[in-house]
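A.B. asks: Need a 3D model of the following:
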Amino acid sequence: MHDIDTDTLDTVADALRRADTAVALTGAGVSTASGIPSFRGEDGIWDRFDPTDFHRRRFDADPAGFWADRRTLREEMYGDVKPGPNAAHDALAALEAEGHVDAVVTQNVDGLHADAGSQRVVELHGTHRRVRCDDCGDRRPADPVFAAAADGDLPPRCDCGGVYRPDVVLFGESLPDDALTDAQGLARESDVFLAVGSSLSVRPASLLPKIAVDSGGRFVVVNFDETTRDGAATDVIREDVTDVLPALEERV
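C.D. replies: The predicted structure follows:
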């Protein structure tokens, strides 16, 4: 760990103590610390897979082929060992339990915030842990369906005859209205808005900090690399999220 600017940590911790509403937006940088590869960036998933293979149009035109590729992608991302929460997930859950963070809005689909104990998690892009029937909307755990797909049951079908699909946002689809509305409302209400491990380059999630700032909130960036929204941030901490968030939690 590098020496983190303690003055900035103290300032942000004080803001969290005083806030009526504090929200954390998390991106891939929180998951990579648990060994989950990012989609974008150097050696990201989209450097190894063709994103068009996971477009809504591909699912409609060739559901069996879509599922075969999706199973391969899932194995590449998560492997045989189930990843667990890291220190950043744990710190956010602790901050919520202590009353200093009201919600986590996440761009990640791995479910690790819930595993760490976070109670209010808005999953903007859905979750890989469920599948959903494209016809009737039935949802069920993903693991048995992916196991059946591995045995050649392609595409997996619901009892109603519809095709199951991963319960995540595919290319060509909009974010779920309920999740986006919830996230926008939280950003609008926030006195402190933390953007953690996100490049803030993908809309509409990248617009949430603007909503927070326009509503008078303090906007804090915690990310190794520069983000597209750094210029609007009140505080920028360019350190590892697994170091910064536990340090904040200790100070609060």
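A.B. asks: Strands of the stretch 101-250 of the chain, start to end?
C.D. replies: Per DSSP state E, counting those that start in this stretch, the stretch 101-250 of the chain carries strands over the ranges 103-106, 121-123, 126-133, 139-141, 164-168, 192-196, 218-222, 235-237.
A.B. asks: Kindly reformat these as a markdown table and extend each row with mean neighbour count and mean pLDDT.
C.D. replies: Every residue, glycine included, has its C-beta placed from N, CA and C. Formatted as a markdown table, those follow (neighbours: other Cβ atoms under 10 Å; pLDDT from 0 to 100):
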| stretch | mean neighbour count | mean pLDDT |
| --- | --- | --- |
| strand 103-106 | 28 | 98 |
| strand 121-123 | 22 | 97 |
| strand 126-133 | 20 | 94 |
| strand 139-141 | 12 | 95 |
| strand 164-168 | 22 | 94 |
| strand 192-196 | 28 | 97 |
| strand 218-222 | 24 | 96 |
| strand 235-237 | 20 | 94 |
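A.B. asks: Which of those strands sits closest to Arg70?
C.D. replies: Nearest to Arg70 among the strands of the stretch 101-250 of the chain is strand 164-168; the distance by Cβ to Cβ comes to 6.2 Å.
A.B. asks: helices or strands up against the closest one?
C.D. replies: strand 126-133, helix 142-150 (3 or more Cβ pairs under 8 Å, 6 or more residues apart in numbering; DSSP states H and E).
A.B. asks: could you dump these to CSV with distance to Val169?
C.D. replies: As requested, the helices and strands packed on strand 164-168 are exported to CSV (distance: least, Cβ to Cβ, whole Å):
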stretch, distance to Val169
strand 126-133, 5
helix 142-150, 15
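A.B. asks: out of those, nearest to Asp182?
C.D. replies: Closest to Asp182 of the helices and strands packed on strand 164-168, according to Cβ to Cβ: strand 126-133, at 13.6 Å.
A.B. asks: Note down every partner strand of that closest one and its orientation.
C.D. replies: strand 139-141 (antiparallel), strand 164-168 (antiparallel) (DSSP bridges).
A.B. asks: nearest to Arg18, of these?
C.D. replies: Nearest to Arg18, of all the strands paired with strand 126-133, is strand 164-168, at 36.3 Å by Cβ to Cβ.
A.B. asks: residue contacts, the nearest residue to Ala97 once chain neighbours are set aside?
C.D. replies: The shortest distance from Ala97 to any non-neighbouring residue, by Cβ to Cβ, 6 or more residues apart in numbering, is to Gly117 (6.9 Å). Taking Cβ atoms under 8 Å, 6 or more residues apart in numbering, we find Gly117 in contact with Asp90, Ala93, Ala94, Glu96, Ala97.
A.B. asks: by contact count, what packs against the stretch of helix or strand the second one belongs to?
C.D. replies: The one in question is Ala93. For Ala93, the host element (DSSP states H and E) is helix 87-97. The contact analysis (3+ Cβ pairs under 8 Å, 6+ apart) places helix 87-97 against strand 22-26, strand 103-106, helix 112-116, helix 241-251.
A.B. asks: State whether Glu189 and Ala19 are indeed in contact, as I suppose.
C.D. replies: No. Using Cβ atoms under 8 Å, Glu189 is not in contact with Ala19, being 10.2 Å away.
A.B. asks: now stretch 176-190: mean pLDDT?
C.D. replies: For stretch 176-190, the mean pLDDT works out to 96.
A.B. asks: Figure out how far it is from the centre of its chain.
C.D. replies: With Cα atoms, centre = their mean, to the nearest Å as the basis, stretch 176-190 stands 14 Å off its chain's centre.
A.B. asks: Check what pLDDT Ala148 gets.
C.D. replies: 86.
A.B. asks: for this protein, which spans come out with low pLDDT?
C.D. replies: 1-3, 38-47, 77, 79-81 (pLDDT under 70).
A.B. asks: longest helix of it?
C.D. replies: Ordering each helix of the chain by length in residues (DSSP state H) puts helix 63-78 first.
A.B. asks: Thanks again, I'm all set now.
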